[in-house]
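Asks: model the structure of this input:
(2 chains)
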Amino acid sequence: AQTVTQSQPEMSVQEAETVTLSCTYDTSESDYYLFWYKQPPSRQMILVIRQEAYKQQNATENRFSVNFQKAAKSFSLKISDSQLGDAAMYFCAYRSESGGGADGLTFGKGTHLIIQP
Amino acid sequence: DSGVTQTPKHLITATGQRVTLRCSPRSGDLSVYWYQQSLDQGLQFLIQYYNGEERAKGNILERFSAQQFPDLHSELNLSSLELGDSALYFCASSVELAGRLGEQFFGPGTRLTVL
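Replies: All right, here's what the predicted structure looks like:
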């Protein structure tokens, strides 16, 4: 079974600074997707960014980018120019593609990101 | 707004009771997933349906069941409720792209409290 580990229960960063959230995963599969989801106090789950394992290029979405190290099974999220609205729980998630994406997501336990004004 | 709707938003019930949670996926999405988020277990995948058929099963208890109807809405039935079933239950849907299922978009969740 796949596992996802987020080793930082909580991170704090000053507004406008850059912060990196860590995620490692364990799998024996070669075809999979990785995701970062954001959960603000409203509890809504919002997709931040995704990465296909077969792509070497790291995904970027505006101020959000990932560092995907497939051999190390590492998938960190970098948030640049942090804003107060970025304060939330961030979840790293894995999805196997062996069933055409039919499997559910496997989530880490989350990192609580605090933005200091 | 993800386009996925869930009702009710909140549900309070007693141990031993049965409840039904409802989910309507985004327009055009054939696949529906159910997740449970609790303090003890974190976010867990329960079950997935695709166009009316069960496609994948996660950590779903035998007391729980789900189905997807011809109009693609889905219901999650929770029976013989226990205190530990108190959680936030999410539904998500995804579209099929070139034979693969795309990313999942989550509904706002149903907060279940078992007293």
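Asks: show me the residue at the heart of chain B, geometrically.
Replies: In chain B, the centroid-proximal residue (Cα atoms, centre = their mean) is residue B:34; its distance is 2.9 Å.
Asks: neighbours of the nearest residue to residue B:45 once chain neighbours are set aside, how many?
Replies: Nearest in space to residue B:45, with sequence neighbours left out and distances taken as Cβ to Cβ, 6 or more residues apart in numbering or on different chains, is residue A:104 at 2.8 Å. (Each C-beta comes from the backbone N, C-alpha and C, glycine too.) Neighbourhood size, residue A:104 [other Cβ atoms under 10 Å in any protein chain shown]: 24.
Asks: for the closest residue to residue A:84 other than its chain neighbours, helix, strand, or coil?
Replies: Nearest non-adjacent residue to residue A:84, counting by Cβ to Cβ, 6+ apart: residue A:115, 5.2 Å away. Recorded secondary structure, residue A:115: strand (DSSP: H, G, I helix; E, B strand; the rest coil).
Asks: number of residues surrounding residue A:115?
Replies: Neighbours of residue A:115 (other Cβ under 10 Å): 20.
Asks: which positions in chain A make contact with chain B?
Replies: Within chain A, the positions near chain B by Cβ under 8 Å from any Cβ of the partner chain are A:33, A:35, A:37, A:42-47, A:50, A:91, A:97, A:99-110.
Asks: residues touching the residue in chain A that chain B sits nearest to, list them.
Replies: At 2.8 Å from chain B, residue A:104 is the closest residue in chain A, using Cβ to the nearest Cβ. Residue A:104 sits next to A:95, B:33, B:35, B:45-48, B:56, B:58 when contact means Cβ atoms under 8 Å, 6 or more residues apart in numbering or on different chains.
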